[in-house]
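Chemist: Structure here, sequence nowhere to be found:
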């Protein structure tokens, strides 16, 4: 079933495999680079049905990295080069649109906004409470970014409402302590998301597929749990979205719940140029970024609860690296699967599965790619020729 065509809203995709929106780190100066274009074109040429450009900020104050894409009217020509390259290889092009909220990097964002002000220990920054006018303006900017994506030739947009980004921050009782009509019960905490989706759907038109990445659980006590996530899924279905990407975790509180396994903090520290930040990461990141055990399809059990409650297409992400597991997920009622790490290790992985050359990914989930993407371009350690010997030995043991 993996290699059957299937519909996602107005799209007909050539198979059920989508490249997940994992941050590429390939947008220096917040602009599309040739590396970004070449990478996504290689994923498309490798057989994936649709490839998703990651972490595109809808406003400057939504940026979390200096090498993250910012969607502006001026970016349309370069975005068009990207979508044209993907289309030439027979795949559809999607872009993930989001706002990082309290995880903003002041060097590029200028200010940090959140549902409720405070200090983000993971980003070592202060953030202030967004005003009602600012909240409404950000919702408008989501709609504007969708219109730009459509003009640039994208076939789909993925709205990031998970992982502790701004929409997720409003949804989560951990980060939303507001006393107005954007805080309190879930109906109020989901108001910002509903306003965003209204602007998104108004600007999507009839030909653009709209999916939303949402959390099943935030991944820690005091965060959003599965019962509220079921309600969020119902709200999104009512909003008319074409699919839901079911994920989990909170980057500023439980980052490895998103990706599972261990974070190689020595890799993160190595690539940080600021000496103070390098020392801080080396000393404390291991305490803040706790490992979470990895297993295949690690979100599946929770995702099946959503499957019972909504009728729209569901897309499962997380720990999908063998054909047997992927086929099992599709048999259980999921329309598509998303993956990232296997397609970082080998952009041609899906094509090799189809041809029977492999039955699973050679990725060993060492998470080198994740540690590196926060400071430099993402890379798989298996494809790097100049790794320090101590890293090679560690990653070999974890294989």
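Modeler: Everything's here; your move. Only a predicted model underlies this, so the values are computations on that prediction, with no experimental measurement involved.

Chemist: Count the neighbours of residue 180 for me.
Modeler: Neighbourhood size, residue 180 [other CB atoms under 10 Å]: 10. C-beta here means a position set from N, CA and C on the backbone, and glycine is covered the same way.

Chemist: To clarify, my last question referred to residue 117.
Modeler: Other residues close to residue 117 by other CB under 10 Å number 14.

Chemist: Contact partners for residue 76?
Modeler: 148, 151, 152 (CB atoms under 8 Å, 6 or more residues apart in numbering).

Chemist: ChimeraX command for the buried members of those residues?
Modeler: Buried residues among those (16 or more other CB atoms under 10 Å), as a ChimeraX selection:
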select :148,152
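
Chemist: Next step: the contacts of residue 76 restricted to helices.
Modeler: Per DSSP state H, helices hold the following members of these: 148, 151.

Chemist: what about the helices in the stretch 51-200 of the chain?
Modeler: 76-88, 106-109, 132-151, 166-171, 186-189, 191-204 (DSSP state H, counting those that start in this stretch).

Chemist: Show me what secondary structure element comes after the last one.
Modeler: Secondary structure here is assigned by DSSP states H and E; on that basis, the next helix or strand after helix 191-204 toward the C-terminus is strand 209-215.

Chemist: Remind me what that following strand packs against, helices and strands.
Modeler: If contacts are counted by 3 or more CB pairs under 8 Å, 6 or more residues apart in numbering; DSSP states H and E, strand 209-215 sits against strand 92-98, strand 156-161, helix 166-171, helix 191-204, helix 226-239, strand 243-247.

Chemist: out of the ones you listed, deepest packed?
Modeler: Stretch with highest mean neighbour count among the helices and strands packed on strand 209-215: helix 166-171 (a mean of 29; mean count of other CB atoms under 10 Å).

Chemist: for the stretch 201-350 of the chain, what are the low-confidence residue spans?
Modeler: Where the stretch 201-350 of the chain drops to pLDDT under 70, the residues are 265, 268-288.

Chemist: Please point out the stretch among the helices of the stretch 51-200 of the chain with the lowest average pLDDT.
Modeler: Across those, helix 106-109 has the smallest mean pLDDT, namely a mean of 84.

Chemist: Please state the offset of that helix from the chain centre?
Modeler: Offset of helix 106-109 from its chain centre (CA atoms, centre = their mean, to the nearest Å): 20 Å.

Chemist: follow-up on the earlier one: any idea which of the helices of the stretch 51-200 of the chain gets closest to residue 371?
Modeler: Nearest of the helices of the stretch 51-200 of the chain to residue 371, taken as CB to CB: helix 106-109 at 20.1 Å.

Chemist: Now residue 335. Its backbone dihedrals?
Modeler: Here is the backbone geometry of residue 335 (degrees, to the nearest 10): phi -70, psi -40.

Chemist: residues contacting it?
Modeler: So residue 335 contacts 6, 8, 16, 243, 313, 314, 315 (CB under 8 Å, 6+ apart).
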